[in-house]
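predicted coordinates and the sequence they were generated for:
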Amino acid sequence: MSKPRLLLTSTLATLALAGSAAAQTRDPSTNTALAILDECLTALRGGTPFDTAMSQRGFRRGSGGGWVNGVGGSVIAASTGTNTFKSGGPAKLCAVTLTPQTSDPQGLDAAVAARARPWSLKYMSPGPGNGGGVMSGWADLERQGLLAITVNQAPGSGSARPNTTISVIWR
C-alpha cells in the first residue's frame, strides 16, 4: 500500500475511533453499554467475534446464553442472535440492556445518533416499543448492512425493573 493511501486509511480509522469515544454520556454504566454497542457493530462487520469481546470485558454467560455483568449500580446484559423479517429475509440482532434505565437519556440519544450518522440512517420518531416502552432510533430497512440502531425505554412491570435496551439490526 502506498504511503499516502496508508496515511489516509490510518487517519480515517483514528477519526472513526475518536468520534465513537467522544459520543459518550454522563452515566458510566450507559457508556459501558455504548462500548458494547460498538463491539456489536465490530462483530457484525466481521471483526472481533462478539463472544470474544464480551469475555475480554469480564462478562459472564447468563442462564439465557447472553452475557451479564454488574457495572456500577447497574446490570448490563448483552446478546446476539438472528431473526426473520416479516418479508422472510434474515437479520442479525445484537441487544444491550441496562437495568435500571439510563440516567442520561439525552446523552444516550446523542451518542446513538453519532453512531448512526456515518451509516446515513434516518431518524425514527419515538413510538410504542417493547414491554410497554417507548422506542426511538435511526433506521433504513431498505438497505444492506446496518439497518437500525434503536433505543427502547421500558417501564417496570411486575418483577421486571425499568430498563433501557439498545439494539442493532444488521442484514
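Sure thing, it's come through.

Gly156 versus the spatially most central residue of the chain, what's the distance?
In the chain, the residue lying closest to the centroid (Cα atoms, centre = their mean) is Leu37, at 3.1 Å. Spatial separation of Leu37 from Gly156 under the definition Cβ to Cβ, to the nearest Å is 23 Å. To be clear about C-beta, it is placed using only N, CA and C from the backbone, and glycine gets the same treatment.

quick one, helices of the chain?
3-22, 28-44, 50-56, 105-116 (DSSP state H).

least reliable of the ones you listed by average pLDDT, please.
When these are compared on mean pLDDT, helix 3-22 scores lowest, with a mean of 40.

gap between stretch 83-102 and the chain center?
10 Å (Cα atoms, centre = their mean, to the nearest Å).

give the rounded mean pLDDT of it.
88.

now do the buried residues in that stretch.
Buried residues in stretch 83-102, defined by neighbour count with 16 or more other Cβ atoms under 10 Å: 92-99, 101-102.

for the closest residue to Gly65 other than its chain neighbours, grab the count of nearby residues.
Counting by Cβ to Cβ, 6 or more residues apart in numbering, Ser79 is the residue found nearest to Gly65 once chain neighbours are left out, at 6.8 Å. Burial measure for Ser79: 18 neighbouring residues, criterion other Cβ atoms under 10 Å.

repeat for Ser103
Residues near Ser103, counting by other Cβ under 10 Å, number 17.

what does Gly156 give?
Every residue meeting other Cβ under 10 Å relative to Gly156 is counted, giving 14.

tell me the pLDDT at it?
Looking at Gly156, its pLDDT is 83.

distance of it relative to Gly73?
Going from Gly156 to Gly73 by Cβ to Cβ gives 16 Å.

and Met54, by the same measure?
Between Met54 and Gly73 the distance, using Cβ to Cβ, works out to 20 Å.

show me which of these two is the more surrounded one.
When Met54 is set against Gly73 and neighbours are counted by other Cβ under 10 Å, the residue ahead is Met54, at 23 against 10.

residues in contact with Phe59?
When contacts are counted by Cβ atoms under 8 Å, 6 or more residues apart in numbering, Phe59 is found next to 67-69, 76, 78.

again, only this time at 6 Å
67, 69 (Cβ atoms under 6 Å, 6 or more residues apart in numbering).

how much space is there between it and Gln106?
Using Cβ to Cβ, one gets 27 Å for the distance from Phe59 to Gln106.

equivalent analysis for Lys92, please.
29 Å.

before we move on, what about Val75?
The spacing between Val75 and Gln106, counted by Cβ to Cβ, is 22 Å.
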